Structure formats: C-alpha cells, structure tokens
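[1] here is my input, please return the structure:
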Amino acid sequence: MKNITVITGGRGGVGKQLAKEFLLRGENVCLISRNEKGLEKAKKELEKFSNKDILIYAGDVSDETFVKAFYADITKKYRVTCLVNNAGVGRFGTIFDNNKEMLEAVFPAIVYGTILMTTYALPQMKESKDIVKIVNIISISGLRGFKFESLYCAAKAAQEGYSQVLRSELFGTNVKVINVYPGGIDTDFWKENRNYVSEEVQKTFAKPSEVAKTIVDTLYDKKSLILKDLVFEQIHMNLE
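    Below you'll find the model as predicted:
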C-alpha cells in the first residue's frame, strides 16, 4: 500500500504550494477542495514537477458524508501518513456586522473540517508503526485577537483548542500533531475580503511558496519529531 499526504484547501495558495513541496520530496499527494475545476487546474500544474501520484477529490470537508466516503475510498490503496488541515474561509468586519450568514461561511471549513478530517483519519493513522503527522494550518489569529477579525479569530481559536487536545490525547503514540501559525499570506483568500485588505496591502504579505517550503522543510527535519508549533513572525493586520 502506498503512502500519501492529504491536503485540504488544496486547489491554490498555500495548499497547492504544499503539494508541490511534498511532491518534490517524493511523496504522493491528495488535494481536496470544493472547486473541481480549480483542482483539475492545480493537478495539471503540479504534474510538471513530479511523476508521483496526484489525486483530487472535490467535496466539502465540513460534510461528514463526504469525509466518510473519501476515507473509505482512499484507504483502499493508500496509507495516509500526513494530513494537512489547510481549508479555510474568512469574513471580516466589526463586531456589529456579524450575522448567521457570515458564521456559516467561516466556521464549517475551519472548525468542522479540521475535526471531521482528523477524526476519520485517525483509525488508520494510529495503526502505523512509523511516525505519521497531522499538520493544522491555524493562524496568528488563533492566538491573538485582532480588530475586525472576530469571527475568524473565534474559528481559529476553536481550531487551536481542538489541536491542543488532539495532541494531548495522542501523546505517546506515533501520531504527531504540528500546529502552524502564519500571518497574512498573499493568496486569493483576500479577493472576497477587499473590505479588509486592499491589493496593495496584500502584496506585502508572505508568499505562499515561501510559507509552504518552510513548513515542509521543517517537517522533514529530524527536529520535527519534537516540534509542536511553527509560528511565522511576519506582517499581520495589527489593527489594535
């Protein structure tokens, strides 16, 4: 059975760049996104860098039915040795702007997605005799509160809390939990949030390729066996 790295939010941005870095390390990768056309485009681009397996699954990671079906299918031929919970949506505004529509946009991918994708990966992962990893791409916003980020900070704080408990309950097993806390990253994430970040400001953020390379290089360093958190000290929208 082949090993594979699963990346949610994989059609672009950091997700796609992470896939590239894993492929360059000789890993098979699986990308998940709700955007099927985006996944197909990403796969074509990534095939230029490696002849390793590149799988794509279009679906919603906050949908338990999809998640169950995904693992039932992929585990027939592959062993998930690394799960990267990267999917996320942001909506920004003042605390007076919050509403149910914004909540339903932000929380599912970040909170439900992380928990469901991890829950159904764990049975196979815990059987591994080798080290396997769960990498949660959280955010500085999961550690601090920023003006106009109340919903995003709340969702990321929930993801952070879950990740800490996950690590505690998996202590002593071969499943390692590594949490990553980036600041602003120059991706399409901001196109739907121009009320918060202009194109000019976005250009000052870290490049997805830089962030992805740092993450994967760290995962392959022997120190990653004891690494718990990877924090990026970079530009963030500090609007306090």
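
[2] contact partners of stretch 111-119?
    Residues from elsewhere that reach stretch 111-119 (C-beta atoms under 8 Å, 6 or more residues apart in numbering): 6, 8, 60-62, 64, 67, 83, 85, 87, 134, 136, 155, 158-159, 162-163, 166. Using the backbone N, CA and C atoms, a C-beta is placed for each residue, glycine as well.

[3] how far off centre is that stretch?
    11 Å (C-alpha atoms, centre = their mean, to the nearest Å).

[4] ranges for the strands of this structure?
    Using DSSP state E, the strands of the chain run over 2-8, 29-33, 54-58, 78-85, 132-137, 175-181, 229-231.

[5] report the inter-axis angle for the first one versus strand 132-137.
    So that's strand 2-8. Strand 2-8 runs at 20 degrees relative to strand 132-137, counting by axes from the mean of the first three to the mean of the last three C-alpha atoms, to 10 degrees.

[6] tell me the centre residue of the protein?
    Nearest residue to the geometric centre of the chain (C-alpha atoms, centre = their mean): Asn86, 1.1 Å.

[7] how far away is it from Gly13?
    8 Å (C-beta to C-beta, to the nearest Å).

[8] then Ala58?
    17 Å.

[9] more neighbours, these two?
    A count of neighbours by other C-beta atoms under 10 Å puts Gly13 above the other of Ala58 and Gly13, at 19 against 16.

[10] hang on, that one packs against Ser209?
    No. Taking contacts as C-beta atoms under 8 Å, Gly13 lies outside contact range of Ser209: 10.0 Å.

[11] by mean pLDDT, flag the weakest helix or strand of this protein.
    helix 199-202 (a mean of 67; mean pLDDT, DSSP states H and E).

[12] tell me the bridge partners for Asp229.
    For Asp229, the beta-bridge assignment (DSSP bridges) gives partners Asn179.
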